[in-house]
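> Prediction below, plus the sequence it came from.
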Amino acid sequence: MKTLTRTDKIAYIFLLLVFGFGIYYSNTNIQFFDEVYTKEDGFVEYGTAFLLCCSSILLFYRFFKLQKYKKLLWKVGIVGIAVIFMFGAGEEISWGQRIFHVESSEYFIENNAQGETNLHNMVVDGKKINKLIFSQLLTAVLIIYLLITPFLYRKTGIIRTLANTFAVPIVQWHHTISFLLCTGLLLFMTSNRKWELYELAFGVIFFLIFLNPINKHIYKSN
């Protein structure tokens, strides 16, 4: 495991504090936890959106800086990941709908669980897309990406080649460990709003991954 950078240490201390206060408030003042600490349009939600946006901007910056040196598949990979994270940031705050006080269209009012202009709260045939895609599918992707891929990258040449070719950043083990720790800490919180903190952890850790993956050479010109 490589030595933690100063940014890593600051980020992990931040997460420990956020989750520590979350555990405390969810067990001592559930109303404060739900209505203040993890409320809609609160610092946790905006923090998640901000970090997802920062990850996307970082990748776009690297694309524009290095695209003349890189092959097509590298460009496709890095832009694809950047777009996904920008989409995630927009979805997190319903594309600024509540910030700018924009009314939802009739379609979203009728088909969105919260009546908002976003996809992750859409309801199709009585089932929330959020539960199927943004929970179950995302969980599977995270398990593969955080637990399986790092091992295969280190052991299998073809996986290493594919990841580097498509500009897929590979996690260092401390990224994986931090995600597992955050997952475990959720067990000590009683409110369903705890998932807001998990999303924040996602934003923090993925930003760290993009900053300093084990295959950081994919962000170099040669």
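Thanks, I have the structure now.
> Helix or strand with the lowest mean pLDDT in this protein?
The weakest-scoring helix or strand in the chain, judged by mean pLDDT, DSSP states H and E, is helix 129-131 (a mean of 63).
> next helix or strand past it?
With elements assigned by DSSP states H and E, the helix or strand that comes after helix 129-131 is helix 138-143.
> which parts of that following helix are buried?
Under the neighbour-count criterion of 16 or more other CB atoms under 10 Å, helix 138-143 has nothing buried. The way it works is simple: take the backbone N, C-alpha and C, and place the C-beta from them, glycine included.
> quick one: contacts of whatever helix or strand comes next after that helix?
Heading C-terminal from helix 138-143, the first helix or strand you meet, by DSSP H and E, is helix 149-155. With CB atoms under 8 Å, 6 or more residues apart in numbering as the contact definition, helix 149-155 has outside contacts at 159-160, 163, 170-173, 176, 214-215.
> What are the buried residues along helix 149-155?
Buried residues in helix 149-155, counted by 16+ other CB under 10 Å: 149-150, 152-153.
> T139: which of these is nearest?
Nearest to T139 among the buried residues of helix 149-155 is T149, at 14.8 Å by CB to CB.
> Average pLDDT for the strand or helix carrying K65, rounded please.
If you go by DSSP H and E, K65 is part of helix 43-66. In this model, helix 43-66 has an average pLDDT of 96.
> which residues does the nearest residue to I99 once chain neighbours are set aside contact?
The shortest distance from I99 to any non-neighbouring residue, by CB to CB, 6 or more residues apart in numbering, is to I93 (6.6 Å). The neighbours of I93, taking CB under 8 Å, 6+ apart as the test, are 41, 45-46, 49, 99.
> returning to what we had before: which strands or helices does the helix holding K65 pack on?
In terms of contacts (3 or more CB pairs under 8 Å, 6 or more residues apart in numbering; DSSP states H and E), helix 43-66 is packed against helix 72-92, helix 194-211.
> Can you tell me which of those is nearest to N27?
Between the helices and strands packed on helix 43-66, helix 194-211 lies closest to N27; by CB to CB that is 11.1 Å.
> Remind me what the closest one packs against, helices and strands.
Helix 194-211 packs on helix 6-28, helix 43-66, helix 173-185, going by 3+ CB pairs under 8 Å, 6+ apart.
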